[in-house]
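[1] Predicted model, plus sequence, below.
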Amino acid sequence: MVRIRVLVVDDHRIFAESLAAALAAEPDVDVSAAGSGPAALRCLERAAAEGRRFDVMLVDADLGTVPGAVGGAVNGSLNGSVTGSLNGSLNGAVNGTANGTANGTTAGPGSGPGSGSAAAGGPAQVPVARAVPDHGEAVLVDGISLVAGVRSGQPSVRTVVLAEKDDPHRAALALQAGASGWVAKDCSLQRLLAVMRGVLRDETHLPPALLTGVLRELTAARKHRTESERLVESLTPREREVLRCMVAGLGRKAVAERLFLSPHTVRTHMQNVLGKLGVHSTLAAVALARRAGVGPVDLVQPLGNVVERGGQLA
């Protein structure tokens, strides 16, 4: 049996762990979880170094956008399902079971770090994968930037974005960044599994209700891309490097450390970037850069503790 290695990335810890447990109940799925973008990047780096690359990455669309949201939910929708059972709903997996089997899963013998499979015996008390939030991380990586970074660094990994609600604009951004699918968090587990297996066949999956909106967004984006590319081409090589750092979500201090420049010099470069691009904020500069096809810098950090499994840090 060909096994699918899956990485769940969500800073809502209870959701990430519950979804990992539900997926691990599938006989052909090995799953790990990461609680932030930097943790996910280190997990991917480690897996690649060990020759055990992930096949699919499931990324929260709102990753890194809601500080202190561990155990909570965007718009409060997850809180209402804390005591629910899976019953075909991803959000319902919180503290629930996957048809009565998720609580009885453990890391299968012979599987890689962070993998899990259904246990043949009685219920086990060991969770399959426990996401560890990176408190004090200097680098904040949002979901779309993470998708773009993984697409650039590990193109064999297929990415599916999990969203609280359908948003044609953000779904189009995710596809442009390299995502292979967009799935609502309230979809059934079987639907998510079908999407995962579909993207591994190089299919692109979107909810039918999103198709018209996404096509409209992509068409509009093409019209803006030529002008955006012209503006980016006006930047010096150093300014483009600074812009890529901005796209990756790095602050002035982090950019200075990365490029071995003084914070004052970085500030000057950032001001020049905004001026040449004709925008007034970092957010607008990043949006323009993405339209021009500018990706983030590689944010992979030195290997460290990423995922806790069975009470032990990996």
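    All right, it came through fine.
[2] can you map out the strands along the protein?
    Counting by DSSP state E, the segments of the chain that form strands are 4-9, 29-34, 56-60, 105-106, 117-118, 130-131, 158-163, 181-184, 307-309, 312-313.
[3] what's the closest of those strands to L192?
    Proximity to L192 (C-beta to C-beta) singles out strand 181-184 among the strands of the chain, at 5.8 Å. Quick note: C-beta positions are derived from backbone N, CA and C, even for glycine.
[4] And the contacts of the closest one?
    61, 158-166, 171, 174-175, 191-192, 195, 198-199, 204-207, 210 (C-beta atoms under 8 Å, 6 or more residues apart in numbering).
[5] quick one: which of those sit in helices?
    The helices, defined by DSSP state H, take in A171, A174, L175, R191, L192, V195, G198, V199 from those.
[6] Now pLDDT too, for those, in TSV please.
    Putting these into TSV (pLDDT from 0 to 100) gives the following:
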residue	pLDDT
A171	85
A174	84
L175	86
R191	93
L192	94
V195	93
G198	93
V199	93
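[7] Of those - the most surrounded one?
    When neighbours are counted by other C-beta atoms under 10 Å, A174 leads these with 26 neighbours.
[8] Could you list the low-pLDDT ranges of this protein?
    1, 65-141, 221-225, 299-314 (pLDDT under 70).
[9] those helices in it, which residues are they?
    Residue ranges of the helices in the chain, as given by DSSP H, are 13-24, 37-49, 143-153, 168-177, 189-199, 211-233, 237-247, 252-259, 263-277, 282-291.
[10] V297 against L259, yeah?
    No - with contact defined as C-beta atoms under 8 Å, V297 does not count as touching L259 (9.4 Å).
[11] Quick check: neighbours shared by these two?
    For the pair V297 and L259, residues contacting each of them under the criterion C-beta under 8 Å, 6+ apart are E241, C245.
[12] of these two, who's got more company?
    V297 (21 against 17).
[13] can you count the residues close to A209?
    Should you count by other C-beta under 10 Å, A209 turns out to have 10 residues around it.
[14] ok, it - contacts?
    Contacts of A209 by C-beta under 8 Å, 6+ apart are D166.
[15] now do 10 Å
    When contacts are counted by C-beta atoms under 10 Å, 6 or more residues apart in numbering, A209 touches D166, P168, A184.
[16] The nearest residue to V279 once chain neighbours are set aside: neighbour count?
    Distance criterion C-beta to C-beta, 6 or more residues apart in numbering; nearest residue to V279, sequence neighbours excluded, is A285 at 5.1 Å. Other residues lying near A285 total 24 when counted by other C-beta under 10 Å.
[17] gap between A285 and A220?
    For A285, the distance to A220 under the criterion C-beta to C-beta, to the nearest Å works out to 19 Å.
[18] Run through who's touching stretch 265-283.
    By C-beta under 10 Å, 6+ apart, the surrounding residues in contact with stretch 265-283 are 227-228, 231-236, 238-243, 245-247, 249-259, 261-262, 284-289, 292.
[19] swap that for stretch 253-263, please
    Judged by C-beta under 10 Å, 6+ apart, the contacts made with stretch 253-263 from elsewhere in the structure are 138-140, 238, 241-242, 244-246, 248, 250-252, 264-270, 297, 299.
[20] Check stretch 191-198 too.
    Judged by C-beta under 10 Å, 6+ apart, the contacts made with stretch 191-198 from elsewhere in the structure are 4, 6, 19, 22-23, 26, 28-29, 55-56, 58, 88-90, 158, 160, 162, 180-185, 187-188, 203-207.
[21] Closest to A47 out of the ones in helices among the contacts of strand 181-184?
    Using C-beta to C-beta, V199 is the member of those that sits closest to A47, with 17.9 Å.
[22] hang on, isn't the residue nearest to V279 packed against L243?
    Yes - checked against C-beta atoms under 10 Å, the pair A285 and L243 is within contact range at 6.7 Å.
[23] Can you get me a residue count around A34?
    Applying the criterion other C-beta under 10 Å, we find 31 residues in the vicinity of A34.
[24] again, but for L261
    L261 has 18 neighbours, counted by other C-beta under 10 Å.
[25] A148 versus A49, what's the distance?
    Taking C-beta to C-beta as the measure, A49 falls 22 Å from A148.
[26] Ignore what I typed, I meant R197.
    From R197 to A148 the distance is 24 Å (C-beta to C-beta).
[27] More neighbours: which of those two?
    More neighbours surround A148 than the other of R197 and A148, with 26 against 15 (other C-beta under 10 Å).
[28] Identify the residues contacting that one.
    Shown in contact with A148 (C-beta under 10 Å, 6+ apart): 141-142, 159, 173-174, 176-179, 247-248, 290, 293-296.
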